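1. Build me a model:
(2 chains)
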Number of protein chains: 2
Amino acid sequence: MASTEPTKDAPEAPTVTKPPPPPFNLFKLDLFLRLALFATTLVSVILMVISKQTKYFSTPLTSFVVVLDAKFVYSPALIYFVAAISTACLYSIITGAVSAYGVFRPSPANKFLFHVATFDGLMLGVVASATGAVAAVAYIGLKGNKHVGWTKVCNIYTKFCSFVASSVAISLASTIILLLLLTISTYSLHRRTMHN
Amino acid sequence: MASTEPTKDAPEAPTVTKPPPPPFNLFKLDLFLRLALFATTLVSVILMVISKQTKYFSTPLTSFVVVLDAKFVYSPALIYFVAAISTACLYSIITGAVSAYGVFRPSPANKFLFHVATFDGLMLGVVASATGAVAAVAYIGLKGNKHVGWTKVCNIYTKFCSFVASSVAISLASTIILLLLLTISTYSLHRRTMHN
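-> Residues are numbered from 1 along each chain as shown, chains lettered A, B, ... in the order given. Below you'll find the model as predicted:
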C-alpha cells in the first residue's frame, strides 16, 4: 500500500477519475405518466364530444313530436372543458416526445426540468378549473337547485349525464397525473442539488 | 505589489477563504407573494360569506309578501369554494410564517423547497377547481341556459351576483399567485443545481 503512495517531490500520478454519474432523473416514470395523461385526456374529450343525446317527447293529445337534444355545445362550461382538456392532450403529446428523448439520452438540462415543472403547473390549473366547472354544472343537472328554480335534467338525459360524469371522473385522474408529474420534476431538481 | 507575493520555497501563506455564498433563494419575493395570497383568499372568502341578499316580492292582488334570499349555502359549488379558499388562506398563513423564517435565516434545506413546491401545486389544483366551479355556476346565474330551462337570477339578486363575481375574480388572482409561488420555488431549486 505504501509503495504506491506518490512521494511529495515526484510529479503527481495521473489518477483515474470515475465518470460523473448521470444526473438524477425519473424520465421513465415521467414518460409513463405523460402517456397516461394522453390517454385520460383523449378519452375524456371523446366522451364529452360523443355525449349527444336526442329525446322525442310526444304530446298525448296531438300528433306533434317535440325533439330535444342535449349536447356539450349548449353549455359554455362544457365548451371550456373540451378546449382545456384538448389543450392538455396536445401538451401531453409534445412533452411526452421530449420526455422520450430524455429517456434515451439521459442528460437533460436542469433548465428543461424547471420549464417542464412550470408548464405542468400551468396545465394543472387549467385542467383543474375545467374539471371544477363541469363538475359544478353536472351537479346542478343531477340534483337541480330548488332555491333558484333550476330543475334537474339527468332524469331525462340519462345517457348524456353518464357520459359527462365519466368524462369528469377521468379528467380528475388527469389532474392527479399532472400533480404527480409536477412532483417528480421538482423531485428530480431537488435530488440534483444534492448530487451535483 | 511584488513584495507581497510569497516565494515558492516559503510555506504557503494562509489564504483567506471566502465563505460560501448563501444558497440561491427568493424568499423575500416568496414572502411577499404569500402575504398577497393571504390577502386575496381572505377577501375572497369574506365577499362570498357576506354576499347574502334578501328580496321581498309582493303579490299585486293580495297582501302577501314573499321573502326570498340568496346566500352561498344554497349552492354546493359555493360551499366548496368557501371551504377550498379558506384552506388556501390557512395554508398561506402557515407557509408565510415558514417563508419569513427563510428570509431571516437564509439557508433553508432543498428538501423544504421541494415540499413547498409540491404543496403549492396541490393548493393550485384545489383553488383553480373551486374558481372554475363557482365561475360556471355564476355564469348560469348571469345568463341562464335556455336549453335546459335554467333561468338567470342575477337580474333579481344583483348585489349577491356582484359579490360572487368579485369573489371569483379575486380567487383567480389567488390562482395566479400560487402559480408564481410554484415557479419561484422550482426556479430556486434550478438555480441551486447550477451553483452547488
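2. Could I get the contacting residues of the residue nearest in space to the middle of chain A?
-> Nearest residue to the geometric centre of chain A (Cα atoms, centre = their mean): A:S174, 3.7 Å. If you count contacts by Cβ atoms under 8 Å, 6 or more residues apart in numbering or on different chains, A:S174 has them with A:L37, A:T40, A:T41, A:S44, A:I85, A:A88, A:V127, A:T131. Glycine gets a C-beta too; all of them are placed from N, C-alpha and C.
3. distance of the closest residue to the last one other than its chain neighbours from B:F104?
-> So that's A:T131. Of all residues not flanking A:T131 in the chain, A:S171 sits nearest, at 4.7 Å (Cβ to Cβ, 6 or more residues apart in numbering or on different chains). A:S171 sits 42 Å away from B:F104, going by Cβ to Cβ, to the nearest Å.
4. quick one: average pLDDT of stretch A:131-151?
-> Mean pLDDT, taken over the full extent of stretch A:131-151, equals 92.
5. Can you tell me what sits against it?
-> For stretch A:131-151, the external contacting residues (Cβ under 8 Å, 6+ apart) are A:75, A:77-78, A:80-81, A:152-154, A:157, A:161, A:164-165, A:167-168, A:171-172, A:174-175, B:70, B:74-77, B:128-137, B:140-141, B:148-151, B:153.
6. one step back: so the residue nearest to the centre of chain A is in which element?
-> Here A:S174 sits within helix A:158-195, counting by DSSP states H and E.
7. Between helix B:158-195 and that helix, find me the angle.
-> If you take axes from the mean of the first three to the mean of the last three Cα atoms, to 10 degrees, helix A:158-195 sits at 30 degrees to helix B:158-195.
8. quick one: low-confidence parts of chain A?
-> For chain A, applying pLDDT under 70 flags the ranges A:1-25, A:106-110, A:195-196.
9. which phi and psi does A:P60 have?
-> phi -70, psi -30 (degrees, to the nearest 10).
10. my bad, A:G144
-> Given degrees, to the nearest 10, the pair of backbone angles that A:G144 has is phi 70, psi 180.
11. Relative to A:A88, how far out is it?
-> For A:G144 relative to A:A88 (Cβ to Cβ), the value is 30 Å.
12. now the helices: where do they sit in chain A?
-> A:27-49, A:76-104, A:110-143, A:158-195 (DSSP state H).
13. between the longest one and helix B:110-143, how many degrees?
-> To tie it back to what came earlier, the one meant is helix A:158-195. 160 degrees.
14. List the residues that contact A:L61.
-> By Cβ under 8 Å, 6+ apart, A:L61 has no neighbours at all.
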